[in-house]
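Participant: need a 3D model of the following:
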Amino acid sequence: MPPLSRSHVVRSLRSAGCVFAEDEAELILSTARTPDEAAAMVDRRAAGLPLEHVLGWALFHGLRVTVQPGVFVPRRRTEFLVDQALALGRDASLVVDLCCGSGAVGAALAAALGGLELHAADIDPVAVRCARRNVAAYGGRVHEGDLFAALPDDLRGRVDILAANVPYVPTDEVALLPAEARDHEPRLALDGGGDGLDVLRRVTAGAPRWLAPGGSVLVETSERQVPAAVEAFTRGGLDVRLVVSAELSAHVLIGTRR
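Facilitator: The predicted structure follows:
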């Protein structure tokens, strides 16, 4: 099969409704190892598969993170959560990435901080397998299970940074998400319950038992959920503050163990 021309790929993607067809064409053509593979990738993207699932990777905080169909794609706005964790945890020795998905947050923290003990956890076995590939280079361990129940007991009271990129889309609004997310990412990574904060409440209630003195838990949420989320942090006995990136439309709550 002769190589696909860039213009052909751009036309195919544009006709499928890809807004950034030129950029996506460059990524597909530079990632594909053969013309056949490139053609198959174009077909999958034109059929609506997220670009990151087509490529097999996502760029996150300077890292090329492995992703695969059925795994939540790390969002650029979540890089803001990583930046806040780095600002807090320059001396951190133990980091946990809860609701880890691909393990992108944990991998980014380990890459930037170096020399730390990294644990990650997710309830989805597909995500766990993917995360293990992404954190292996940093000696990270990934556990399968429901939130804190997945973690080894000897981590209690020792965690310096607990990053939890919890699902926070209200159940009734999942159907309103873009088709790429709604149809191709696991619902349990998106659906946060009635008001979107079910998992966040469980994390903030349990976090104080796992954090080291002065340790912090960081959670991403939406602007309209901030008041109720702050209440959950306070009820959990955490000192809480909000940090916002207007550029990324990112809202991160940081709760610190007193």
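
Participant: which residues are in contact with the host helix or strand of residue 10?
Facilitator: Assigned by DSSP states H and E, residue 10 belongs to helix 6-15. Residues outside helix 6-15 that contact it (C-beta atoms under 8 Å, 6 or more residues apart in numbering) are 21, 22, 24, 25, 26, 28, 29, 38, 42, 45, 46. To be clear about C-beta, it is placed using only N, CA and C from the backbone, and glycine gets the same treatment.

Participant: pLDDT (mean, whole number) over the strand ranked longest in the chain?
Facilitator: Longest strand of the chain, by residue count under DSSP state E: strand 211-221. Taken as a whole, strand 211-221 carries a mean pLDDT of 97.

Participant: identify the residues contacting it?
Facilitator: Counting by C-beta under 8 Å, 6+ apart, 77-78, 80-81, 84-85, 88-89, 94, 157-166, 168, 196-197, 200, 203-204, 207, 229, 238, 250-257 sit against strand 211-221.

Participant: among those residues, name the ones in helices.
Facilitator: 78, 80, 81, 84, 85, 88, 200, 203, 204, 207, 229 (DSSP state H).

Participant: strands of this structure, residue ranges please.
Facilitator: 57-60, 63-66, 94-98, 117-122, 141-144, 159-164, 211-221, 238-245, 250-257.

Participant: now the longest one and strand 250-257, what's the angle there?
Facilitator: Using axes from the mean of the first three to the mean of the last three C-alpha atoms, to 10 degrees, the inter-axis angle of strand 211-221 relative to strand 250-257 is 160 degrees.

Participant: and strand 211-221, what's buried?
Facilitator: Neighbour-count burial for strand 211-221, counted by 16 or more other C-beta atoms under 10 Å, picks out 211, 212, 215, 216, 217, 218, 219, 220, 221.

Participant: and those residues as a markdown table, adding distance to residue 122?
Facilitator: A markdown table is the format used below for these (distance: C-beta to C-beta, whole Å):
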| residue | distance to residue 122 |
| --- | --- |
| 211 | 20 |
| 212 | 23 |
| 215 | 21 |
| 216 | 21 |
| 217 | 17 |
| 218 | 17 |
| 219 | 15 |
| 220 | 16 |
| 221 | 19 |
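
Participant: for residue 54, state which of those is nearest.
Facilitator: Relative to residue 54, the closest of those is residue 220; by C-beta to C-beta it sits at 25.1 Å.

Participant: surely residue 56 and residue 64 touch.
Facilitator: No: counting by C-beta atoms under 8 Å, residue 56 does not reach residue 64; the two are 9.5 Å apart.

Participant: separation between residue 96 and residue 181?
Facilitator: Residue 96 sits 25 Å away from residue 181, going by C-beta to C-beta, to the nearest Å.

Participant: kindly report the same for residue 95.
Facilitator: For residue 95, the distance to residue 181 - C-beta to C-beta - is 27 Å.

Participant: the more surrounded of those two?
Facilitator: residue 95 (25 against 18; other C-beta atoms under 10 Å).

Participant: who touches that one in this structure?
Facilitator: 85, 89, 106, 109-110, 113, 116-119, 159-163.

Participant: ok, residue 150 to residue 158 distance?
Facilitator: Taking C-beta to C-beta, one finds residue 150 at 16 Å from residue 158.

Participant: which of the two has more neighbours?
Facilitator: Between residue 150 and residue 158, counted using other C-beta under 10 Å, residue 150 has the larger neighbour count: 19 against 15.

Participant: about what we covered before: report the two of the buried residues of strand 211-221 separated the most.
Facilitator: For these, the farthest-apart pair by C-beta to C-beta is 212 and 221; their separation is 23.6 Å.

Participant: centre-most residue in the chain?
Facilitator: Compute the mean C-alpha point of the chain, and by C-alpha atoms, centre = their mean the closest residue is residue 74, 4.0 Å away.

Participant: test my guess that that residue contacts residue 101.
Facilitator: Yes: using C-beta under 8 Å, residue 74 is in contact with residue 101, at 6.8 Å.
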